[in-house]
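**Student:** Build the 3D model from these lines:
(2 chains, ligands or ions: 1)
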Amino acid sequence: MKVLMTEYLRLDLDAEQWECRVCNHVIGTAHKGYKEGMLVYDRDPRDIHPPILAPEKYRYTFSPDPEWVRILEYYCANCGTQVETEYVPPGHPPLHDMQPDLPALRAQWASRPEVLEVSVGPAVIQRADDHKH
Amino acid sequence: MNDISIKVPDQAIRPEEAALIKKFLEDTTLFLAPDPEIMNKHDLMERSEQEDISINKQNDAHTIAKIRDRLQSGCDEGYEMVEQMGAAPGAKWGDVITGVYSASGDLAIASAGGVLLFSALVHHPIKFIIKNWINEPTVGVRDGDGFIHNDSRYGNVHNTDQSMILPIFHEGNLICWVAATVHEGENGAIEPGGMPSMAESPSDEGLKMSPFKVVENYQIKRDLLTFLQNSVREPKLQYEDMKVKLYGCLRIKQRIEDVLKTDGPDALIATLRLTMENVRTEVKRRISEWPDMTVRTFIVQDSTLRENCIAKINCQLTKKGDRLIFDFRGSAPEFTNRPTNTVLAGLKGMLSQLVMCYIWPDLPRGQAAFAPIEVITDPFSIVNSSYNAPNSQSLMSIFTGFTAGQHAVAKFLYSCPEKYTKVHAPSFNMINTFIWGGVSQHGETLGNLCADLNGMGGGARVDMDGEPGLQPIFATMADIGEQELNEEDVPFLQLVSKKMTRDAIAPGKYRGGQGYTMIVATKDSEEWGFMTTAQGAKVPPLQGLFGGYACGTYPLSKVKGVDVYDVLLNEPGKFKHSIEEIMNDQSFDGATYTTHHMGMGFEISNRGELFMISQGAGAGYGDLLERDPALIVKDLEEELISHAVAERLYKVKIAPDTLIVDHQATRTLRDNERKDRLSRGIPYAEFIKSWNKPKPPAHLPFFGCWGDDTETLYMGTPDKTRHANESMPNYMRHPKDVRIEELENRLAAAGALMDEKR
Ligand SMILES: [Zn+2]
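**Tutor:** Modelled structure (predicted):
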């Protein structure tokens, strides 16, 4: 049984491993965090959140302070998909963010059919008589 | 705190002596402080004998559903009344809630719209009234009484929110309670508007009302009213909104009486109880559908509103069977003299808002949806502050706590086969708005805020972008009002209002909903000022989801030494409609241009000086290389992003004049970027060897746990720590003293202190 855990991660409950949903690459054992099987890049936050106010003139610019926060980008080592980001103070150890209980998941999914396409959840439907501005 | 435990050998005390001691202690209680027995509990009260009897008499599901719907529309009607008639800006724009509470004080049914977190908190003061005032001969609880409350330590978000609480009797028996709560604004604190960031102790936070009786025979007691009016800066608003809440409650009472006439008291009591019990059972069933897992995340608060620092909100969310446990241990220690702390109940209230608005919005609204969910914190924590800690800016910790929860929950929901909402990246969580006060153009003393706090950008979702603006995490179906109407009452204009701030983005496969610019300038008053109370000018207060990015940061900009109304009259071409152009072009002669963090203490403004801020974006979802180029074109058309930034980040090629996408070039650019990632990315094991540090860096004033060790809390420097379980004073120095010392040291180093006597 395989479970779609995030937009890019799949958990193989029998082989007990993380897989990339984009390229099917085996990321690593599910007894550890998926991050441990990924490539990491220490991103200067100013690359992603560009200064709107001139940095040479102003202390605050709409860009995060790179000495206070970095963005860790986690890439699939096979296809380069950006599987997760993590905003952290410099030097802060990455979090073991998803730690599944594998036996419990196996028991839970034993009575469920495998899901190959996740449901996106209910949409808000606009009625014809809805109030509009 | 009125229960004092006495250690006496068991055999030495007989039952009658124990009773005597208990009576003695009760008779000699000097102070009814917040009761930990009430304040620490958010689960439902035990089913009472009366509830049992009523349920045995009436438990037909259809009758219960019919009565619930009638009570629901009664609450909604009361809500509408308060919203339409309320004088406070918060009331007018939906920062309101009404509800029906069981005889034991649990919230059974809340109004559908409004700020649900209020109603998850008002059960505390009702339980205080039940425990202390019903049998108190000097107070008592009778038909026609009404109780007022605002002190968060007895169960509230912050003391700018006031509740009116009415007991409902039937043939002499107390059968339920109704209450209405409004974000009123003014409360006589050290700064106007009700949410002082300068407060250094509870004594600076203004009026603190433990629950007391202000209404008898359905009439507001004039003596108490006069005292309350004298305690705040908006005496007329205080009266008007007390009346409005009272009449809102009375309308709900009328609807309850209609039910009593048609179906009798047992049906009503059974409806309230079964609604809660059924919701609680259903919540446990739904939790058990989630994967058994532990998810960890944290959110950074980058200021205390007085100075920049890093205060961590640490969150570990564990689901096991039908249990769900939010563990906030490791979060920053409580600040002794900064108001960004929250009482635990405030955090729980906002987590219940998460449950009711973002996880299971289909469930009846009330206390039951959060009742079975567990919350753990350290004592003396920024998310569980003690009696003596100021908490007027508790929203900072309540909202970042919410975001930590929202971020963690998404990682559980994705794999659930049945979903009740879309998987959602964190929404923006800061109240980027102007709080204002002074004397208006009509000579009235005012203190309140712009409803733009409701303009938060929504987080991106699994299959669509986030809503730009107007997705406040704390209120559903809220509004931001008409700016032109506001301007009839207040002496300033929003010269730029609701224009999206370009490039203040949260990229992803689906981007976060963006925030809008607000530029204000005082016009018709010599005595008017502003304050802003938000974090996130240095470090984003969000995390992205599944490869999406968080928002950027949002500063305050000021232009002084200009009268922009003269500029608009004489040289209108010099005024530009964005913070970017005004600050970068600097086209007003002789003006000064400065930027600041978003914790601006109350500041008197001169005519025509500019104060400029932006609402924030919700977080992005998914890898930005997967973003559909057509959506990027739409962002360009809507001026949410500039062309160069869009091309650089999203790796697209779009013709600037026609906005036609070059798909071939885009594919190549994106393929190259994926290859670049593979070459610049470092294998995890190797990366952490140089990245991981055992302590926070010396240059960061860091508060909270570092890494996995949640028992050691850092307190501003790598060398000062506290054990998570112990209390330790955590004083911050006055930022001006810090600055003066810095400047004096520079003078001394330059030999310029001369022979100043010390
Ligand atoms: Zn892959």
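**Student:** I'd like the distance between B:Ala410 and A:Glu84.
**Tutor:** As judged by CB to CB, to the nearest Å, B:Ala410 and A:Glu84 stand 12 Å apart. For glycine as for every other residue, the C-beta is placed from the backbone atoms N, C-alpha and C.
**Student:** shaky segments in chain A?
**Tutor:** Scanning chain A for pLDDT under 70 picks out A:124-133.
**Student:** Grab the most central residue of it for me.
**Tutor:** Chain A has A:Glu84 as the residue nearest its centroid, 3.1 Å off, counting by CA atoms, centre = their mean.
**Student:** Please determine whether stretch B:638-647 lies in contact with chain A.
**Tutor:** Yes: using CB under 8 Å from any CB of the partner chain, stretch B:638-647 comes into contact with chain A via B:Val645.
**Student:** Straight-line length of that stretch, end to end?
**Tutor:** Distance across stretch B:638-647, first residue to last, is 16 Å (CA to CA, to the nearest Å).
**Student:** What lies in contact with it?
**Tutor:** Residues from elsewhere that reach stretch B:638-647, judged by CB atoms under 8 Å, 6 or more residues apart in numbering or on different chains: A:50, B:468, B:500, B:502-503, B:505, B:511, B:514, B:632, B:635-636, B:652-654, B:656.
**Student:** Which of those are buried? Put it as a PyMOL command.
**Tutor:** Burial among these is assessed by 16 or more other CB atoms under 10 Å in any protein chain shown; the matching PyMOL selection reads:
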select buried, (chain A and resi 50) or (chain B and resi 468+500+502+503+505+511+514+632+635+636+652+653+654)
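**Student:** Taking the contacts of stretch B:638-647, tell me the two that lie furthest apart.
**Tutor:** For the contacts of stretch B:638-647, the maximum inter-member distance is 25.5 Å, found between B:Pro468 and B:Lys653 (CB to CB).
**Student:** Quickly check: the longest helix along chain A near chain B or not.
**Tutor:** What stands out as the longest helix in chain A, according to DSSP state H, is helix A:102-110. Yes: judged by CB under 8 Å from any CB, helix A:102-110 and chain B are in contact via A:Ala104, A:Leu105, A:Gln108.
**Student:** If you rank the residues you listed by neighbours, which is first?
**Tutor:** Within these, most neighbours by other CB atoms under 10 Å in any protein chain shown means A:Leu105, with 20 neighbours.
**Student:** show me which of the contacts of stretch B:638-647 neighbour the ion.
**Tutor:** Applying CB under 5 Å from the ion, the subset of the contacts of stretch B:638-647 adjacent to the ion is empty.
**Student:** What is the lowest-pLDDT residue among the contacts of stretch B:638-647?
**Tutor:** Among these, B:Pro468 carries the weakest pLDDT, at 87.
**Student:** Confirm for me that that residue is in contact with B:Met500.
**Tutor:** Yes: B:Pro468 lies in contact with B:Met500 (CB atoms under 8 Å); the separation is 6.2 Å.
**Student:** anything in contact with each of the two?
**Tutor:** Common contacts of B:Pro468 and B:Met500, defined by CB under 8 Å, 6+ apart, comprise B:Gln514, B:Gly515, B:Tyr516, B:Leu640.
**Student:** can you pull the contacts of the third one?
**Tutor:** Under the criterion of CB under 8 Å, 6+ apart, the neighbours of B:Tyr516 are B:Asp452, B:Gly455, B:Pro468, B:Gly469, B:Ser497, B:Lys498, B:Lys499, B:Met500, B:Thr501, B:Ser614, B:Gln615.
**Student:** run the last query once more with 6 Å
**Tutor:** B:Gly469, B:Lys498, B:Lys499, B:Met500, B:Gln615 (CB atoms under 6 Å, 6 or more residues apart in numbering or on different chains).
**Student:** In chain A, mark out all the strands, start to finish.
**Tutor:** Secondary structure of chain A (DSSP state E): strands at A:2-4, A:9-12, A:17-20, A:26-29, A:39-43, A:70-75, A:82-88, A:98-100.
**Student:** what are the phi and psi angles of B:Phe399?
**Tutor:** Phi and psi for B:Phe399, reported as degrees, to the nearest 10, are phi -80, psi -40.
**Student:** Am I right that it is in contact with B:Asn429?
**Tutor:** Yes: in this structure, B:Phe399 is within contact of B:Asn429 by CB atoms under 6 Å, at 4.2 Å.
**Student:** Just want to know which of those two has more residues nearby.
**Tutor:** The neighbour count for B:Phe399 versus B:Asn429, taken as other CB under 10 Å, is higher for B:Asn429 (31 against 28).
**Student:** Now do the same contact list for the more buried one.
**Tutor:** Counting by CB under 6 Å, 6+ apart, the residues that B:Asn429 touches are B:Phe399, B:Thr403, B:Ile473, B:Pro541.
**Student:** Where does the prediction get shaky in chain B?
**Tutor:** Filtered on pLDDT under 70, chain B yields the residue ranges B:1-12, B:119, B:477.
**Student:** just to revisit the earlier point, helices - which of the contacts of stretch B:638-647 land there?
**Tutor:** Judged by DSSP H, helices contain the following of the contacts of stretch B:638-647: B:Ile632, B:Asp635, B:Leu636.
**Student:** Columns distance to B:Asp524 on top of those, output as CSV?
**Tutor:** Output for the ones in helices among the contacts of stretch B:638-647, formatted as CSV (distance: CB to CB, whole Å):
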residue, distance to B:Asp524
B:Ile632, 44
B:Asp635, 38
B:Leu636, 39
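**Student:** Nearest to chain A among those residues?
**Tutor:** The nearest member of those to chain A, counting by CB to the nearest CB, is B:Asp635 at 14.3 Å.
**Student:** show me what contacts the closest one?
**Tutor:** Applying CB under 6 Å, 6+ apart to B:Asp635 gives the contacts B:Ile641.
**Student:** Get me the contact residues on the stretch 351-500 of chain B for chain A.
**Tutor:** Near chain A, the residues belonging to the stretch 351-500 of chain B are B:Lys411, B:Tyr414, B:Ser415, B:Pro417, B:Lys419, B:Thr421, B:Lys422, B:Val462, B:Asp463 when assessed by CB under 6 Å from any CB of the partner chain.
**Student:** same thing but 8 Å
**Tutor:** Counting by CB under 8 Å from any CB, the residues of the stretch 351-500 of chain B close to chain A are B:411, B:414-415, B:417-423, B:461-463.
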